[in-house]
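*Asks:* whatever this is, show me its structure:
(chains A, B, C and D)
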Number of protein chains: 2
Amino acid sequence: MKLTTKGRFAVTAMLDLALHGAQGPVTLAGISERQKISLSYLEQLFGKLRRRDLVESVRGPGGGYHLARDAARITVADIIRAVDEPIDSTQCGGRENCHDHHRCMTHELWEELNSTVAGFLSGVKLSDLVEKQRTKPISVVRAHKRESHIASA
Amino acid sequence: MKLTTKGRFAVTAMLDLALHGAQGPVTLAGISERQKISLSYLEQLFGKLRRRDLVESVRGPGGGYHLARDAARITVADIIRAVDEPIDSTQCGGRENCHDHHRCMTHELWEELNSTVAGFLSGVKLSDLVEKQRTKPISVVRAHKRESHIASA
DNA sequence: TCATACTTGACTAATTTAGTCGGGTTTCGG
DNA sequence: CCGAAACCCGACTAAATTAGTCAAGTATGA
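*Replies:* Numbers count the residues shown, from 1 in each chain, chains lettered A, B, ... in the order given. Okay, the predicted model is just below:
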């Protein structure tokens, strides 16, 4: 799971869509203005989101985008995976080092980390974000967390 | 917490150090050869590790590096923090968007993610890696995990 | 039929990352 | 005391990635 600002923008845009999607399709121009993300860039992002069946488009005047399914069935992980290439893997296939037995050890470590991150992001649904956004505009969120293990540093 | 190959190399190098450090200082040249990491690059990494007090150096012939404290008191998070700039923060301070209330929501999300990652990495000690390396050279590790929550995708 | 809005993909600029280079400085062994 | 072993350090560069633009469409509702 890769994390870049691209993924962040996508989540923000999807959230905007979820929040404003009640009355018909939402235009990218609208999202662009509200979220201050360039239209061209949104187009690029929504192209990917559409191909991954997270949103559906309605063309022509009055058109725009709407969620392809209920916000409760879309996770943050889905969104990020859609826009960031799936370059997951612990980088252990392309490079030189990472050999004989040393390999597998750190390899496993990164793999575990990956699934920890993926697990966290899979646990947060778009509807969670919508809800938090509606009930507590500005405040601590603590999303879905219960026993947020360790968490220090 | 940023994750790059630099951090991975650092962890690998520290592990090598922990494994070979029993009989006096370990030279970077040795690590370089065993782990196939360029000497110059190791020098750069160990400069940082030293400044963060994770290793200590012994100069002159017969010198090298050794851990600054017991492997049980060094975590993977310590190592990664030492070599990768602390550019933690959810990128929410320098950029434009991320405004009014939308801001705080995704902001909190990334912040939580950050601490999840940091928590995971803080939970893995260098000694854990050494142990796993010694007992199960090639196999599934599952480091320190117990109830690795959710974990799918 | 035309303005609105999505669609596509190539292109570019900026940033970040990975890694090198060249010069030190310290200290041991002979 | 001198030379080699080893650390030390900061500037530099090349490659890769990311962020974002541009241009040229296509579909469709009013």
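
*Asks:* residue boundaries of the strands in chain A?
*Replies:* With DSSP state E, the ranges of strands along chain A come out as A:55-58, A:64-67.

*Asks:* let me know whether the last one sits next to DNA strand C.
*Replies:* Yes: judged by CB under 7 Å from any atom of the strand, strand A:64-67 comes into contact with DNA strand C at A:64-65. For glycine as for every other residue, the C-beta is placed from the backbone atoms N, C-alpha and C.

*Asks:* number of nearby residues for A:V130?
*Replies:* Counted with other CB atoms under 10 Å in any protein chain shown, residues neighbouring A:V130 total 18.

*Asks:* contacting residues for it?
*Replies:* Contacts for A:V130 (CB atoms under 8 Å, 6 or more residues apart in numbering or on different chains) come out as A:15, A:18-19, A:71.

*Asks:* show me which of those neighbour DNA strand C.
*Replies:* Contacts with DNA strand C are made by none of the contacts of A:V130, judged by CB under 7 Å from any atom of the strand.

*Asks:* make CSV out of the residues you listed and add neighbour count, pLDDT and distance to DNA strand D.
*Replies:* Below are the contacts of A:V130 laid out as CSV (neighbours: other CB atoms under 10 Å in any protein chain shown; pLDDT from 0 to 100; distance: CB to the nearest atom of the strand, whole Å):
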residue, neighbour count, pLDDT, distance to DNA strand D
A:L15, 24, 94, 17
A:A18, 20, 95, 21
A:L19, 16, 93, 21
A:A71, 19, 95, 24
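
*Asks:* so which of those would you say is closest to A:T106?
*Replies:* When the contacts of A:V130 are compared for distance to A:T106 (CB to CB), A:L15 wins out at 35.6 Å.

*Asks:* in contact with the closest residue to the closest one other than its chain neighbours, which residues?
*Replies:* Counting by CB to CB, 6 or more residues apart in numbering or on different chains, A:L15 lies nearest to A:L129, which is 5.3 Å off, once chain neighbours are set aside. Residues near A:L129 by CB under 8 Å, 6+ apart: A:11, A:15, A:18, A:76, A:143, B:105-106, B:109.
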